[in-house]
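Asks: quick one, structure for this:
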Amino acid sequence: MLFGMDVKRDRLGREFARLRIGVVGDFCVDAYWTMAPERGETSVETGIATRPVGRQRYASGGAGTIVNTLAALGVGEIHAFGVVGEDPFGACLRGLLERQGVRTQGLVAQSERWDTHVYAKPYMGDREEARIDFGTGNVLDNATADGLLAALEAQVSTLDAVIINEQIARGIHGSAAFRKRLAALVKRCPKTLFFLDSRHLGNGYPGAILKVNESEAVRLCGGTVKDVRKRLPYDDVCKAAKRLYRKRKTPVVVTRGDRGSLVATERGIAEIPGLLTVGAVDTVGAGDSFLAGFAALMAAGHSPVEAAEFGGFASGVTVQKIGETGTASLAEIEAIGTSPDYVWRPELADDIRQATRLPGTSIEVTGAIPQRNVAVAIFDHDGTISTLRTGWEAVMEPVMVAAVLGNETGLLRRSASRNDVASVKEDIKRLIDQTTGMQTLTQMEYLVDLVRRHGLVPKARIKTAAAYKAIYLKALMKEVTRREKAFKAGKLAVGDVTMRGSVDFLHTLHRAGVKLYLASGTDRDAVEAEAKMLGYADLFEGRIYGAEPGVREDAKKRVLRAILSDIGDGSRVAIFGDGMVEMREGKKAGCLAVGIASDERRRHGLNRSKRARLIRGGADLVIPDFATPAPLLDII
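Replies: Numbers count the residues shown, from 1 in each chain. Okay, here's the model as predicted:
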């Protein structure tokens, strides 16, 4: 682990402060124009309505995004090598870089046939409209190329690393003469680490450490990628990474979005898990942040695998910065890296055909069969033991959709289009899937963020997380109350409102001397009352936990921390649940994580959606219910 053990933030800070890194590439300006249509007027000269800009903001983009993150990481000396036009945006770009302490002597101006690259992004509310691009017809003059390369050659012997960025077809790398001379420079300087991130020239610049995404890797090896938005098979990406390493003889890192990255070296393939990000994400600049972190850590003397892990943390910070080409500081990276929420075994999660089960059982084993001697067992409640709240997702989804669309009264706001509705529903489904097992109030805090981001509800009408929670619980408790009344009246038995075999399993563990805990994202009073009503509260001997007023930390995290401080060994703890939260926390603590992929309506059998969720969360075992406890008891 990079954080919490052998490498601390202050040590990395000192290492980065000593680095000198150059970035040669396609430097751009990212222009953000927030439109203000309410200020518009009709032009007297043309009779056409104007498009007023209410607010404008500029940031360095392209190769500048890499520079931004290097600066945020505290790299001691950063040199920019690129070309700008003799136009206002060129001056703007130079100023943006210099304000961060970047040395811009290598930023060469060309007066003819070159406009500073600009990506102008008009925003209507939070929605980006059609982009306006400058510099699409640029042609690099030989004299400019000479000046740029001379500046780089003068500094290269003093640099610990040089990052080569290529992302614009008509950028500096569009010149064959420039490419030839830069390739020769890479070859002449074997002691300097060169890194290459290229959209069009991935096979170029031999000797440079290559960073590509999975689609680029497969294409570079002659493969066909019909849709870059679709996931590529792991085996195809792995083969491409190995092939690229054999060809280039330098480390190759292949990024895979939320599936992490692969690193190919002389030792073979190392896989870095992806990070789970709850809520909205913005992937703009994520690859550049990864590259900056990866290059900086390697330049500081760390291994390619450690560097890829660090780059993943940097990218994980960036994607959470909505509507901007974000950066990642050491403090932000440490916040993620100290206790990362990884996405585990995504290929297995997505393909049930890869499942491995214990012979003659429905118990799926996601890795090596984990033999344990369990002394403590922590259970989630809803969907793991009790089914009183079955269908909560079906209640929560329309409540959340209505909140984001602003139609709690049942009337869709006129400002919401079909695309808005589709986008909202997609975001809500993703949010519920990722937050299952979290405290209800936490789920509603993420809802508030979504309401703000979609911008369909006036700010004055946006409710608090507690208010949205109250709306949801009012809708949910109608059905829960009906089931409770039917149970108390004798119309439903315990087996009708619990997962098959779950109560017997609790009794078996209790008789065996296993200390039982109940921890839920539902309010503690409700969990305790339901457990008492269903007759198993006494098995937990007072160890029942749930959401508490004024306590923001998840109940499962609180319980795990208390247990580990007492027994000090997560290997003697098993955690059972149907949500990602308990799987993630159990995995981090070294516990046996048993996912309950429960079909709550039938109270037995496999729920495939839950199975996928639980495996991504880190489940060691996945079971549909507790109908066949003997093999499970043998393991624990």
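Asks: any regions of the stretch 151-300 of the chain where pLDDT drops low?
Replies: Residue ranges of the stretch 151-300 of the chain with pLDDT under 70: none are present.
Asks: switch the cut-off to 80
Replies: For the stretch 151-300 of the chain, the stretches with pLDDT under 80 are 202, 227-229, 279-284.
Asks: and the longest helix along the chain, what's buried?
Replies: Selection of the longest helix in the chain by residue count, based on DSSP state H, yields helix 465-488. Across helix 465-488, burial judged by 16 or more other Cβ atoms under 10 Å covers Ala465, Tyr468, Lys469, Ile471, Tyr472, Leu473, Leu476, Glu479, Val480, Arg483, Glu484, Phe487. Yep, even glycine has a C-beta here, placed from its N, CA and C like the rest.
Asks: how far does that helix sit from its chain's centre?
Replies: Computed by Cα atoms, centre = their mean, to the nearest Å, the chain-centroid distance of helix 465-488 equals 32 Å.
Asks: renumber starting at 288 from here on
Replies: Got it, the first residue is 288 from now on, which makes the last one we talked about helix 752-775.
Asks: make TSV from the buried residues of helix 752-775 and add pLDDT and distance to Gly412 to it.
Replies: Formatted as TSV, the buried residues of helix 752-775 follow (pLDDT from 0 to 100; distance: Cβ to Cβ, whole Å):
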residue	pLDDT	distance to Gly412
Ala752	92	22
Tyr755	94	21
Lys756	93	27
Ile758	93	25
Tyr759	91	26
Leu760	92	31
Leu763	90	32
Glu766	89	37
Val767	91	38
Arg770	94	42
Glu771	93	44
Phe774	94	48
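Asks: Ala567 is in contact with Asp714, correct?
Replies: Yes. Assessed by Cβ atoms under 8 Å, Asp714 is found in contact with Ala567 at 7.1 Å.
Asks: for Arg400, give its distance to Val426.
Replies: Note on Arg400: its distance to Val426, by Cβ to Cβ, to the nearest Å, is 5 Å.
Asks: ok, Phe827 next?
Replies: Phe827 sits 74 Å away from Val426 when distances are taken as Cβ to Cβ.
Asks: who's more crowded, the two?
Replies: Phe827 (19 against 12; other Cβ atoms under 10 Å).
Asks: so the more buried one sits against Lys802, correct?
Replies: No. If you go by Cβ under 8 Å, Phe827 and Lys802 don't touch, sitting 9.0 Å apart.
Asks: quick one: contacts for the closest residue to Ala906 other than its chain neighbours?
Replies: Excluding the flanking residues, the one nearest Ala906 by Cβ to Cβ, 6 or more residues apart in numbering is Gly882, at 3.4 Å. The contact partners of Gly882, by Cβ atoms under 8 Å, 6 or more residues apart in numbering, come to Gly864, Asp865, Met870, Lys897, Arg898, Leu901, Ile902, Gly904, Ala906, Leu908, Val909, Ile910.
Asks: what about the helices in the stretch 688-837 of the chain?
Replies: Applying DSSP state H, counting those that start in this stretch to the stretch 688-837 of the chain gives helices spanning 705-722, 727-741, 752-775, 789-798, 811-821.
Asks: got those as a markdown table, with distance to Gly613 columns?
Replies: Listed next are the helices of the stretch 688-837 of the chain as a markdown table, based on distance: least, Cβ to Cβ, whole Å:
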| stretch | distance to Gly613 |
| --- | --- |
| helix 705-722 | 19 |
| helix 727-741 | 15 |
| helix 752-775 | 25 |
| helix 789-798 | 44 |
| helix 811-821 | 37 |
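Asks: between those, which gets nearest to Leu383?
Replies: Closest approach to Leu383 among the helices of the stretch 688-837 of the chain is made by helix 727-741 (26.3 Å; Cβ to Cβ).
Asks: off-centre distance for the closest one?
Replies: 17 Å.
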